[in-house]
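Undergrad: Mind looking at a prediction? Sequence and model below.
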Amino acid sequence: MTKTSRIGFPAKHGLYDPANEKDSCGVGFVAHIKGQRSHQIVQDAYVVLKNMDHRGACGCEANTGDGAGILTSLPYEFLTKVAANELGVELPAPGRFGAGVVFLPTKEDERARCKQVVEEIVAAQGQRLIGWRVVPTLTDEANIGPTARAAEPHIEHLIIGAADGLEGDAFERQLYLIRKQASHRLRTDASLEQASMFYVCSLSTKVMIYKGMLTTEQLFQYFSDLNDPDYQSHLAMVHSRFSTNTFPSWDRAQPCRFMSHNGEINTVRGNINWMTARQGVVESELFGDELAKLFPVVEPDCSDSGTFDNVLEFLLMTGRTLQESVMMMIPEAWQKHETMSETKRAFYEYHSAMMEPWDGPASIVFTDGKYIGAVLDRNGLRPSRYYLTHDDHVIMASEVGVLPVDPANVKSKGRLQPGRMFLVDFEQGRLIPDDELKQEFAGRRPYAEWLRNQRIEVKDLRPNKEPHGFDPETLLARMQAFGYTTETMQFMLLPLIREKRDPIGSMGNDSAIACLSDKPRMLYDYFKQLFAQVTNPAIDSIREEIIMSLECYIGPEKNLLETTEEHCHRLLMPHPILSNEELAAIKHMDHLGWRAKTIDITFDRVDAKAGVMKTLDRICAEAEAAIDEGFSLIVLSDRHIGPQRVPVSTLLACGAVHHHLVRQAKRTRIGIVLETGEAREVHHHCLLVGYGADAINPYLAFESLWQARRDGLLDNSKYSDDDEIVTAYRKGVAKGMLKVMAKMGISTLQSYKGAQIFEALGLMDEVVERCFTGTASRVQGVSFEVLAEETLRRHGLGYPEREEEQLPVLPNVGEFHWRAEGERHTWDPQSIADIQVAARMNNRDAYFRFADHINNDERTRCSLRGLLKFKASPNGGPIPLDEVEPASEIVKRFCTGAMSFGSISAEAHETLAVAMNRLGGKSNTGEGGEDPERFNRLPNGDSKRSAIKQVASGRFGVTIWYLTNADELQIKISQGAKPGEGGELPGRKVDENIARIRYSTPGVGLISPPPHHDIYSIEDLAQLIHDLKNSNPTARISVKLVSEVGVGTVAAGVAKAHADHILISGDTGGTGASPLTSIKHAGLPWELGIAETHQTLVMNDLRSRVTLQTDGGLKTGRDVVIAALLGAEEFGFSTAPLITLGCIMMRKCHLNTCPVGVATQDAVLRKKFAGKPEHVVNYLFMVAEEARQIMAELGFRSIVDMVGRVDALDADDAIRHWKADGLDLTPILTPAYRAHDEVGVRCLIPQD
């Protein structure tokens, strides 16, 4: 590859980022419980590995695997033989020498340099180099594929002897120091062209690892050592990898040095940050001054599995046992486990004060040679099954049947349960039951007593001063200055209190993205929530609430490498939201040595825009000084807001302080509490916690709701005083935060804190690097200067320079509903009127008025595609219109979106189906099933049958008859308006007919689970695709994903799972019912998603196997052409067809009160439906004709000729917007990288 080094992942290219790569896999082990060594154990492990071949993957080359490997105990017999025969040396006794497998550069000079550095480090550590042995590898005999060969390293054994008097764990620590130093020096050595080839698979007195970019079958064919009868072991751990890419990566194959992992660590960004911060406070008696040689603990460019292994190894080497380390990192769901013993609960609670859980779906197999075991995540989202035999063997793997076992020999069998540990102790020669194991560790120290003595609880604190009171005189001005609007109260805060959950809305978000809005937007609006899809599942915050928790310890941490009573001397927060009374107690506390320092985050108005940067510098310095002065907490406060004091965004301040302290390795020495008038919505609180806040006091949200109660906007019989308002607010925020956490598969707030599960849309690197380090911001955007301008504009609204300019009420900016002078919406009265006239009258003039209005509006204010322009004559000049593909062919590439019967009325649903069948396009059932009567044609030849049958997580209406009556079966993983959540149909819309078709109960609301409960990983998706292909061999299998950073790598995995079709939905798509937080703040524009997916699939040489479609706000022919140029071959329309049928965007779908009969099940309102199939047909034909005109101007004869031709697009420099100057669309417009000319850039071959 010319874009990259010869091996490993490519560098960032366009929207592709190697940091987004993911993998899933199969794991397993075979062991003799009594520790008896044999070659049979190794051979049995090979059988296990080959039988998990389906859990690995290959790309376009069947003989290039994603990775396979084996970990065994150190094969003393074998090494002794080869050392004598090949090196002419006699090895010391076991425990007195260490050996490892090392990947080295293929260039002789660079290989010699690497070996020289290793030998220097061995000598510097006082150990003795015994020798290097070339590991025989049979590349040709194993039929290694071209991609794997291109990155194949030179592989050698490294054998090191212990210094006199050194053995056992002390020598193991020296080997650890040698490996860490060698990796730090060589893998980052810029003078080595093949630096990334250097990798130490293992270096130990106890275990050895062979692995590579191989298929399961190839592993033993490639490494002939493994077939030697003298290669004996009492354990063998194997791993088969399924990656979302096809790039050569030998080092990412597993096992890692102490574990193998099937799953994904969702919180890894936060885990890395917290581990980096802890390096400033850790001390080790075992390593002393040499401890710093181990830093950074987490090595650069690690996968999430590698990162976990780095930290597990660090804990193990610094004195903790393997079992205790795993229990710390992957604890059970102990917070709400009522039957758990007090002793075990105390163990987990104590260690939660030391380290956050590494959260996400995980089946982890671990060993140090003395023990071998496995553990499941607290949700149990990865399979692990085991057999114990009468002849003392144990087999564990991702599934049963991996090794033939005589049923008469089976002593016991079972599956590993969520949070439980399976452990074999070879010294004791037995399986240690989970309860016995954990009770042993829990009983080693008096954790419960320590907690009672040291734990500080908020309820025990008493304020030395009165909390800030309610100040109605200044309330309006403060609300205006902090960006409150009438919609904030009407749609967000009041429903939050009444319903005690995140408010529900409907239809999509068609307003301008924050970085293109004319209005001063809150910083929170520049962030989008990330969510799990395919490679890891979202979890269900309703049904799985018992394993979720908002409880968290905050304040200074002690040395992670020690265990003392003082380690749990921290403040326990049961909820991240603080009342005013609780904050007052914290601000003025002097309790058990704890003090808090308040830091003002406002600046003088005369400082103008420069005030923001000056304030960030000041508060970071003050925070660091507070640590040095011995404070336990800092309170970042904007209470001093006033006519001359302007607040810096609390999010900006919190992120800046958090990351400053992480960089200084001081973050774990203090807690960050926020006293903010800015935060009020669920999304705001999630962002603040995600960027490091420990607790939040949203005082202005409380005051605004207290005033609403006094104004009669809340029922006084339910909320008799202000305290009840605070209680209700906390309940609503709690439920909302749990749902947002669950979207990413995260169970605890402690894990979510600092995990940065967001993408910035429209923030410049200078802002991200300082305040939100590590967050993706792919198109750049606004700078500190623009953010300061927005802050000053908001402040000026509340505190204008002239008193007569003060508004007597909150502004209504029309963020949720269109207002004449408010925020721009693409669906405004003019666009709705024009499209309906065009569709009903087949009026081309009306359509082009509509198209001009939409295209001009997008071009100036609303969307990323609006900032693009077509290049002049990119394809050799214009061509006659009659040479362009006819509209009748183009419309066959159109689909209507997945709108369920139930969400919309039967009349609307059937009309869409008839229209699309007339066109030759496709309509989509959505997830509500379809009445079998619709499978039959009507007397006039029309058909109400939807060509696309959706298979969603609720499986409503999914029968074999349903599946066989489809041209396409679509697996819905995510939905643009609410990714990471299941579909929702309020009970008022579930009538008898809908209940019949969905196999449910009339009047009972339906909420689909966020994940498919048979898709917890990429290999599970491959299984469902296989099953659906067998249920209907003629149907195309589609997978629906939603645009977010990394969706391209997920799509690559989907393509490798043998899907035929991939839909990338944008964030502006409609919905019948969804939390407003999700509608506004989850998902990304389709322009980013389709471009990233196309680029990534081409880079992986997978694009030719799949058809790409996009949807989410497509309206015009211009949208179609841009989508094609970015990589799409098919195009979905949802809201626009509904509007042609009569929808007027009342956004009342979730209330069942649609006044035009489109999105209601009310019998009276349904009679008002006036839509006809020809309305949709007319509209889509006019979209196609507009597209044809543009294609003719650009010189393209067909849609397929345009696919991926980003060279026909350019950023429109003529557009001037006060926020848009910093936007950089280069990543979207970067041509997909093709490794060679034969790489396809559109679907050319059928999937197998």
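TA: All right, it came through fine.
Undergrad: partners of the helix or strand of the chain with the lowest mean pLDDT, with directions?
TA: Considering only helices and strands, the least confidently modelled element of the chain by mean pLDDT, DSSP states H and E is strand 590-591, at a mean of 83. Take DSSP bridges as the rule and strand 590-591 pairs in its sheet with strand 594-600 (antiparallel).
Undergrad: ok, and for the partner strand, which residues are buried?
TA: Buried residues in strand 594-600, counting neighbours by 16 or more other CB atoms under 10 Å, are found at W594, A596, K597, T598, I599, D600. Any C-beta I mention is one placed from the backbone N, CA and C, and that applies to glycine too.
Undergrad: For G469, see how far away the fourth one is.
TA: With distances defined as CB to CB, to the nearest Å, the gap from T598 to G469 amounts to 17 Å.
Undergrad: Please apply the same query to the first one.
TA: Here the distance between W594 and G469 works out to 25 Å (CB to CB).
Undergrad: who touches the helix or strand that contains A846?
TA: Mapping A846 onto the secondary structure by DSSP states H and E places it in helix 844-857. Contacts with helix 844-857, where a contact means CB atoms under 8 Å, 6 or more residues apart in numbering, come from 824, 826, 830-831, 834-835, 837-839, 866, 1115-1118, 1179, 1182, 1185-1186.
Undergrad: May I see the buried residues of it?
TA: Buried residues in helix 844-857, defined by neighbour count with 16+ other CB under 10 Å: A846, Y847, F848, R849, F850, A851, H853, I854, N855, D857.
Undergrad: Give the next helix or strand downstream of it.
TA: Assigned by DSSP H and E, the successor of helix 844-857 is strand 868-870.
Undergrad: ok, then the element right after that next one?
TA: In the C-terminal direction from strand 868-870 (assignment by DSSP H and E), the next one is helix 887-890.
Undergrad: Show me what that following helix is packed up against.
TA: With contacts taken as 3 or more CB pairs under 8 Å, 6 or more residues apart in numbering; DSSP states H and E, helix 887-890 sits against helix 1173-1194.
Undergrad: what does the average pLDDT come to for the helix it packs on?
TA: Here the mean pLDDT over helix 1173-1194 is 98, rounded to a whole number.
Undergrad: Just the CA trace of that helix, in PDB.
TA: Output for helix 1173-1194, consisting of C-alpha atoms alone and laid out as PDB, is shown next (Å, rounded to 0.1, in the frame of the first residue of the first chain):
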ATOM      1  CA  PRO A1173     -50.400   6.200  -4.900                       C
ATOM      2  CA  GLU A1174     -50.000   8.600  -7.800                       C
ATOM      3  CA  HIS A1175     -49.000  11.400  -5.500                       C
ATOM      4  CA  VAL A1176     -45.900   9.400  -4.500                       C
ATOM      5  CA  VAL A1177     -45.300   8.200  -8.000                       C
ATOM      6  CA  ASN A1178     -45.500  11.800  -9.400                       C
ATOM      7  CA  TYR A1179     -43.100  13.100  -6.800                       C
ATOM      8  CA  LEU A1180     -40.500  10.400  -7.200                       C
ATOM      9  CA  PHE A1181     -40.500  10.700 -11.000                       C
ATOM     10  CA  MET A1182     -39.900  14.400 -10.700                       C
ATOM     11  CA  VAL A1183     -37.000  13.700  -8.300                       C
ATOM     12  CA  ALA A1184     -35.600  11.400 -10.900                       C
ATOM     13  CA  GLU A1185     -36.000  13.900 -13.700                       C
ATOM     14  CA  GLU A1186     -34.200  16.600 -11.600                       C
ATOM     15  CA  ALA A1187     -31.400  14.100 -11.000                       C
ATOM     16  CA  ARG A1188     -31.200  13.400 -14.800                       C
ATOM     17  CA  GLN A1189     -30.800  17.100 -15.600                       C
ATOM     18  CA  ILE A1190     -27.900  17.300 -13.100                       C
ATOM     19  CA  MET A1191     -26.400  14.100 -14.500                       C
ATOM     20  CA  ALA A1192     -26.500  15.500 -18.000                       C
ATOM     21  CA  GLU A1193     -24.800  18.700 -16.900                       C
ATOM     22  CA  LEU A1194     -22.100  16.600 -15.200                       C
END
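Undergrad: Quick check: what element follows that helix along the chain?
TA: Read in the C-terminal direction, the helix or strand following helix 1173-1194 is helix 1199-1202, with elements assigned using DSSP H and E.
Undergrad: For that following helix, what is the distance to the chain centroid?
TA: Relative to the centre of its chain, helix 1199-1202 is centred 32 Å away, using CA atoms, centre = their mean, to the nearest Å.
Undergrad: Now it: buried residues?
TA: Within helix 1199-1202, the residues that qualify as buried are I1199, D1201, M1202, counting by 16+ other CB under 10 Å.
Undergrad: From what I see, G1069 and L1114 are in contact.
TA: No. Assessed by CB atoms under 8 Å, G1069 is found out of contact with L1114, at 9.5 Å.
Undergrad: where's stretch 770-789 relative to the chain centroid, distance-wise?
TA: For stretch 770-789, the separation from the chain centroid amounts to 20 Å (computed by CA atoms, centre = their mean).
Undergrad: Pull out the buried residues from that stretch.
TA: Of the residues in stretch 770-789, those scored as buried under the neighbour-count criterion (16+ other CB under 10 Å) are 770-773, 775-784, 786-789.
Undergrad: ok, back up a step: can you pick out the most distant pair from the buried residues of strand 594-600?
TA: Within these, two members stand farthest from each other by CB to CB: W594 and D600, at 21.0 Å.
Undergrad: The stretch 601-750 of the chain: strands as residue ranges?
TA: 602-604, 633-637, 645-647, 671-675, 695-697 (DSSP state E, counting those that start in this stretch).
Undergrad: Quick one: the ones you listed as JSON lines, columns for mean pLDDT too.
TA: Below are those laid out as JSON lines (pLDDT from 0 to 100):
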{"stretch": "strand 602-604", "mean pLDDT": "97"}
{"stretch": "strand 633-637", "mean pLDDT": "98"}
{"stretch": "strand 645-647", "mean pLDDT": "98"}
{"stretch": "strand 671-675", "mean pLDDT": "99"}
{"stretch": "strand 695-697", "mean pLDDT": "98"}
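Undergrad: Using TSV, lay out those together with mean neighbour count and distance to D425.
TA: TSV is the format used below for these (neighbours: other CB atoms under 10 Å; distance: least, CB to CB, whole Å):
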stretch	mean neighbour count	distance to D425
strand 602-604	19	60
strand 633-637	24	43
strand 645-647	25	58
strand 671-675	27	40
strand 695-697	26	42
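Undergrad: Among those strands, which comes closest to F314?
TA: Go through these one by one with CB to CB and the one that ends up closest to F314 is strand 671-675, at 24.2 Å.
Undergrad: export the closest one as CSV, just CAs?
TA: What follows is strand 671-675 as a C-alpha-only set of coordinates in CSV (Å, rounded to 0.1, in the frame of the first residue of the first chain):
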residue,chain,number,x,y,z
GLY,A,671,-13.1,15.3,42.3
ILE,A,672,-14.9,17.7,39.9
VAL,A,673,-18.3,19.1,40.9
LEU,A,674,-20.3,21.5,38.7
GLU,A,675,-22.6,24.2,39.9
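Undergrad: In the stretch 851-1000 of the chain, mark out all the helices, start to finish.
TA: With helices called from DSSP state H, counting those that start in this stretch, the stretch 851-1000 of the chain shows them at 887-890, 906-919, 960-964, 992-998.
Undergrad: Can you tell me which of the ones you listed is packed in deepest?
TA: A comparison of the helices of the stretch 851-1000 of the chain by mean neighbour count, using mean count of other CB atoms under 10 Å, puts helix 906-919 on top with a mean of 23.
Undergrad: Tell me the helices and strands packed up against it.
TA: For helix 906-919, the helices and strands in contact under the criterion 3+ CB pairs under 8 Å, 6+ apart are strand 894-898, strand 922-924, helix 1135-1140, helix 1173-1194.
Undergrad: Can you list the buried residues in the longest one?
TA: For helix 1173-1194, burial by neighbour count (16+ other CB under 10 Å) applies to 1173-1188, 1190-1194.
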